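K.L.:
I need the structure of the sequence given here:
(2 chains)
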Amino acid sequence: MLFHAGADRFLRRGYAAVEDRLTRAGQQLSDAEGTAWEQTRGTSRREEVRAEYPRLDDRAWLAAPDRFLTGAFDGGLPGSFTGLSGLETALQHRFPLVSIYQAWGDREDEARFPSRAVETIDRLGSVPIITWEPWVKDFDATLRPNLPPVAEREYASLAAIAHGDYDFYIVPWATEAAKYGKPLFLRFAHEMNDPYRYPWGPQNGNRPEDFIAAWKHVHAVFRKMNATNVLWVWSPHISMPWFEYYYPGAEYVDWVGTGVLNYADVAPWSRWWTFRQIIEKAYPTLKGLAKPVMITELGTLTTGGNAAQWYADMFRDLNGEYGAVRAIVFFNQTEDVTLSTAPLNWSVLQSAGATAVTRRALQPPARTTRTAPS
Amino acid sequence: MSFRRAWQDDSEVFRHRRARPVARWERWTLGVLIFLGLQSVALFAWWWFRAEHVANGVLFALLSFATWYGISRMVIGWYNAIHVEQPPIRPAPEGLRVAIFITSSPGEPYAMFERTLAAVREVRYPHTTYLLDDTRDPRFAALAAETGARHLELIGIPGAKAGKINAALARTTEELVLVLDPDHIPFPEFLDRVLGYFDDPGIGFVQVAQAYHNVRRSFVARAAAEQTFAFYGPVLQGMHGTGTAVAIGANCTFRRAALESIGGHGVGLAEDLVTAIRLHAAGWRSVYVPEVLARGLVPEDLDSFLRQQRKWARGVYEVLLREYPRAFRRLTNHQRLSYLMIATYYLVGLTSLVYLAIPLLYLLTGVQPAAMFLGEYIAHAAPVGFFGVINYRFAQRWLCDPERERGWHWRGTLLKIGSWSVYLQGLLLALGNVTVPYIPTAKERQTGNFGRLAAVPLTVVLLSVAAVVVSFVRRFWFLSEAEVRSTSGATAGMAGFAIANCLLMSGRLYAAWKDSDRHSARDGGTRSRSSSSAG
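P.N.:
Below is the predicted model of the structure:
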């Protein structure tokens, strides 16, 4: 078509400039409305969160926090924050961490650093966690003539990333992340060791050394772009053995993450597993890496067991033997279709008992609820 | 030249004018502009139609229809503009027998006929004038006798104006017939500029530009005239270039044999178009002469304008639903496209409704058609709008009377958008097959009740403002901070669209205010509807 004849590149640059300006103006407008809202309502989520966690702007503190952190992902994010608000209201708790997902690609919601969502999370006083998924198929073949055809692209994609083939995407993204400047958790290519899940898994000829090379390359690009505000979350799937072979090394990782999702009785390979049963085998290895551990996706289904008991046991174990776990992120997804059978509901809110247990567990420690001197 | 000065001098206004010829560099420049415009349209389309943009399937389909209806018309307009062509001037041969038909109906002002018939007598080429009269007013017969016209008493003939024309055709024998609207004052050279084209035996009719002399009488008059300038300028010249020039408006000259071959002049609310499409289907060709050879009246008040527009909209849909399918197989491809474009012109009523409703729907319910970044939308749509305007302005060099017609035409645009409800009404009437009585367009300024005249735009304004207020109340007192902060961009955008919609109603509101009884009473000089109906 016509715009491939060369005008495209020129026009696109013009568009990017216009867009940039509009995005900035939009953010200013949003900030003005947010400030007006806070004044009208006499409350501010940011102040509430920061009263509890004053050092969330401190990257060094976030790399080794002296407090347990909580976070949440909601299925409506990043478009709608309604679900997140509902979760916080029900649990009477403000999450210092908010988790979102972004795939790589040329689609509008993939093409750039998600600054709108990230800025919103920041204005609300929380720290964003971005799960950054290298869906290399999503790059438009007509725009990216140098990439292999879409059908072949996923084979050994991690080696290609390590080789710099995707720097056209990584570099501007890292630049934007650096421009954002505040601490930001980045969970790149999670569950890289699971051959049944994502295209960057071993089933596509991605070896552990390819993953490590890709990680180090991405890390190097970010450092070069001065995106040192990023905290790196390495997040394997712990039910696969030898996940530790994918560990890039202590100097490239700030947090170790893993999902803990109890699939209960929905699949032939699963049954009702408690938090302890899911994590206990891998825990010594995770702890051995000497990094804070984040449960990046946390939830249980409710069929075939007692969800309230599941959460109660989990909080007991977190306070007890699993001290290396320093953060949990609730996976508030009510319609998870990644298993392709019926959509799964991971929300803690679906069980009144679990909600009550969690609400109680997340109340601030006694020191903040001391009784007033009489 | 200023608008006031341009229209001040009657000897300048009532003068023959012809569109400037097309220079080669102009055609090339236009070609380059269109090429660039097409790129921006392609880029916009490539961006628009993406799966991730669909937020609500039905609404997205509606919004896409509205958006691409407008853009596709613009692009086809460019295609037409590149075909701009003017027929070479051809002197009228001697000895042709020509009739001029003027129809009069009850309620039309006598003074108008005095002026028109006097002017017709001054038309140089020998001709016979017929007054097709059903007023039962003895003054009209006397006037005809006085001005050398033949008086044809044609009372109780069905089919309104077209019925009278057909009855008159049966009583006359001239080979060429000019149907002149009674409000149009022809210039002496009218027939001399037109008759030469009938040398070609394949030519069925010759249309000339329609122009007005009362443009500065009111806001509505100016706005309504602005809506026609481009059409009788570059648009019809382009249609001439593609062999699709239509009989439209007034002052078309027909070959009797052509009319007889299709069983006479077409009947209907858009009788001119009905006749044109039938003639084209019968294989007759047409000529468009881009010359101002007469000047008539454009509606001066809102009520008359809206009635006229409703009548046309209803009539044009009749052509789309009844004539177009019948004629389709016998039309050329260009004619098929051209008549489709004309017949779907008033769908703008439907697309306006979509544009008006979408921000309201979002502000009140949170449902939105598309998940687009406003910045992306503006960045991609702005070049399309830019080339739309630039190409429109560039083509204005081929207006018939650029001195008086050139401009941004924002009044015409505002009034067209403001009239969306009558265009929509026309569509509904056509779909429901409801008949609208044929009333000649009012020739004098009417006034009316402001509330009635402004009901539609006021409703739009009140609904939009209410939706914005409701939305902000909800945001500040019922939503969480997270919800507010994450949606402020979309809400501001939609609130902006709602306010823009209010501004787009300003033309019709202003016109309604100017025409309201109370305001006009202060102004003086116009007649209210109640008194004019007696006249």
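
K.L.:
what ranges do the helices span in the stretch 101-250 of chain A?
P.N.:
Using DSSP state H, counting those that start in this stretch, the helices of the stretch 101-250 of chain A run over residues A:115-123, A:150-153, A:157-162, A:167-180, A:208-224.

K.L.:
show me where pLDDT drops low in the chain?
P.N.:
This is for chain A. For chain A, the stretches with pLDDT under 70 are A:1-9, A:11-12, A:340, A:365-374.

K.L.:
chain B was what I was after
P.N.:
B:1, B:436-445, B:518-535.

K.L.:
per-domain residue ranges of it.
P.N.:
B:21-83+B:347-524, B:98-304 (automatic domain parsing).

K.L.:
mind checking the end-to-end distance for the shortest one?
P.N.:
End-to-end distance for domain B:98-304: 33 Å, by Cα to Cα, to the nearest Å.

K.L.:
one step back: can you tell which of the domains of chain B is closest to chain A?
P.N.:
domain B:21-83+B:347-524 (3.4 Å; Cβ to the nearest Cβ). For glycine as for every other residue, the C-beta is placed from the backbone atoms N, C-alpha and C.

K.L.:
now do the same contact list for residue 175.
P.N.:
Picking chain A for this. A:225, A:227 (Cβ atoms under 8 Å, 6 or more residues apart in numbering or on different chains).

K.L.:
sorry, should have said chain B
P.N.:
B:96-98, B:255-257.

K.L.:
distance of it from residue B:118?
P.N.:
As judged by Cβ to Cβ, to the nearest Å, residue B:175 and residue B:118 stand 26 Å apart.

K.L.:
same deal with residue B:189?
P.N.:
Taking Cβ to Cβ, one finds residue B:189 at 16 Å from residue B:118.

K.L.:
what's the answer for residue A:137, then?
P.N.:
79 Å.

K.L.:
before we move on, what SS does residue A:86 have?
P.N.:
helix (DSSP: H, G, I helix; E, B strand; the rest coil).

K.L.:
count of residues packed around it?
P.N.:
When neighbours are defined as other Cβ atoms under 10 Å in any protein chain shown, residue A:86 has 18 of them.

K.L.:
skipping adjacent residues, who's closest to residue 361 in space?
P.N.:
Going with chain A. Nearest non-adjacent residue to residue A:361, counting by Cβ to Cβ, 6 or more residues apart in numbering or on different chains: residue A:315, 4.2 Å away.

K.L.:
not quite, go with chain B.
P.N.:
residue B:367 (5.5 Å).

K.L.:
got the contact list for that neighbour?
P.N.:
Residue B:367 neighbours (Cβ under 8 Å, 6+ apart): B:56, B:59, B:361.

K.L.:
can you tell me which of the residues you listed has the most neighbours?
P.N.:
Ranking these using other Cβ under 10 Å puts residue B:59 first, with 19 neighbours.

K.L.:
torsion angles phi and psi at that residue?
P.N.:
Torsion angles at residue B:59 (phi, psi; degrees, to the nearest 10) stand at phi -70, psi -40.

K.L.:
list the contacts of it.
P.N.:
Residue B:59 neighbours (Cβ under 8 Å, 6+ apart): B:358, B:361, B:367-370.

K.L.:
what two of the residues you listed are the furthest from one another?
P.N.:
B:361 and B:370 (12.2 Å; Cβ to Cβ).

K.L.:
on that earlier part again, closest one to residue B:209 among the helices of the stretch 101-250 of chain A?
P.N.:
helix A:115-123 (52.7 Å).

K.L.:
so what are the domain limits for chain A?
P.N.:
If you go by automatic domain parsing, chain A breaks into A:1-43, A:46-365.

K.L.:
tell me which of those domains sits most buried.
P.N.:
Mean neighbours per residue, mean count of other Cβ atoms under 10 Å in any protein chain shown, is largest over the domains of chain A for domain A:46-365, with a mean of 19.

K.L.:
which bits of the stretch 101-250 of chain A sit near chain B?
P.N.:
Residues of the stretch 101-250 of chain A lying near chain B by Cβ under 8 Å from any Cβ of the partner chain: A:107-109, A:116-117, A:120, A:123-124.

K.L.:
out of those residues, who's nearest residue A:234?
P.N.:
Distances from residue A:234 to these, taken by Cβ to Cβ, are shortest for residue A:117, at 22.6 Å.

K.L.:
residue B:467: which element?
P.N.:
helix B:455-477 (DSSP states H and E).
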